[in-house]
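1. just coords:
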């Protein structure tokens, strides 16, 4: 049993929370997106409106509702076989690999290192979601799309089972209180997926664009869970060289924001056109800002003598304000460069 970790600012707690969120988030995102998946399984139709015949009979086997003044009937095609069976087959393709790989994990943990099982599973899940987002923009026949989707569900739940079993094994090496954030993260997964879908639909975008943003959001969360795991055991301490490095790395956000869909623009191309990119970048920007700024403000006064701590705190507050002012000023220059 490992000695209880020195958990500065609940950093380890938050990491386990993110990892718990990452275990069930993939499956919840797939379950919540059934409207998108079933819409891709519909047979292509060229006309959604057709008049009734002279005898008042339907011209095709469609679900019919009378129009108000147009004398036309709004036609909705019946559900196809693939659409009708989607939820049942999806559940089967999810639960079977979940059961199998949960059992296999008791054997694999002795043959495959913990880092590979956890980080490798997160990378695999991230790649599946990235492919899912890309496939939103690619046309498939209903049968091909159905098959590809089921294969992705099998992979998602196989790696999810390995991730969940390995994560609880990792938590067992820590004090019992670190199991609670894993359960809390898993509990949030369903709510987060539903909230993301509501936001995607409320955006008013076409179903294709909403689905793309929805799956990119999942990619961002899984990536954040992976980064959280890699940070476990490497949390920046007061004397850590990692802290100034992470602060300097935040400069990468400047070109990323400039390549988003900011209009009007005169010079730079738009490489990150969808709003989902901007949201994900802003999410990472905000989280890193709050976390790193808090560490700097907490560690700074402790680097000097006790009698100088108050002065150091005041100086740090001044430079924090100076940074905000300089950022506001340089924003005009960056806007011109765009």
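-> Looks like it arrived, so ask away. Given the structure is predicted, the values throughout are model-derived calculations rather than measurements. Numbers count the residues shown, from 1 in each chain.

2. the protein: helices as residue ranges?
-> 11-32, 34-40, 81-108, 114-135, 142-171, 179-202, 207-231, 242-249, 253-258, 275-299, 309-337 (DSSP state H).

3. show me how far the last one is from its chain's centre.
-> I take that to be helix 309-337. Distance of helix 309-337 from its chain centroid, counting by C-alpha atoms, centre = their mean, to the nearest Å, is 31 Å.

4. in that helix, what's buried?
-> residue 316 (16 or more other C-beta atoms under 10 Å). No exception for glycine: its C-beta is placed from N, CA and C like everyone else's.

5. which helices and strands sit right next to that helix?
-> helix 253-258, helix 275-299 (3 or more C-beta pairs under 8 Å, 6 or more residues apart in numbering; DSSP states H and E).

6. comparing these by mean pLDDT, which bottoms out?
-> Mean pLDDT is lowest for helix 275-299 among the helices and strands packed on helix 309-337, at a mean of 83.

7. and the contacts of that helix?
-> 9, 203, 212-214, 216-217, 219-220, 224, 236, 238, 243, 246-247, 250, 253, 256-257, 260-261, 272, 313, 316, 320 (C-beta atoms under 8 Å, 6 or more residues apart in numbering).

8. for stretch 84-100, same thing?
-> Contacts of stretch 84-100 (C-beta under 8 Å, 6+ apart): 27, 30-31, 34, 37-38, 41, 146, 149-150, 153-154, 156-158, 160-161.

9. if any of those residues are buried, give me the ChimeraX selection for them.
-> Filtering these down to the buried ones (16+ other C-beta under 10 Å) takes a single ChimeraX command:
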select :27,30,31,37,38,41,146,149,150,153,154,156,157,158,160,161
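
10. between the helices and strands packed on helix 309-337, which one is nearest to residue 190?
-> Of all these, it is helix 275-299 that lies closest to residue 190, at 19.6 Å by C-beta to C-beta.

11. what about that closest one, distance to the chain center?
-> Centroid separation for helix 275-299 versus its chain: 16 Å, with C-alpha atoms, centre = their mean.

12. looking at this structure, which helix or strand is least sure?
-> strand 49-50 (a mean of 39; mean pLDDT, DSSP states H and E).

13. picking up where we left off before, would you mind writing the ChimeraX command to select the buried ones in the contacts of helix 275-299?
-> Command for ChimeraX that selects the buried part of the contacts of helix 275-299, burial taken from 16+ other C-beta under 10 Å:
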select :212,213,214,216,217,219,220,224,236,243,246,247,256,257,260,272,316
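
14. which residues touch the nearest residue to residue 7 once chain neighbours are set aside?
-> Computed as C-beta to C-beta, 6 or more residues apart in numbering, the closest residue to residue 7 that is not its neighbour in sequence is residue 13, at 6.3 Å. Shown in contact with residue 13 (C-beta under 8 Å, 6+ apart): 7, 178, 181.
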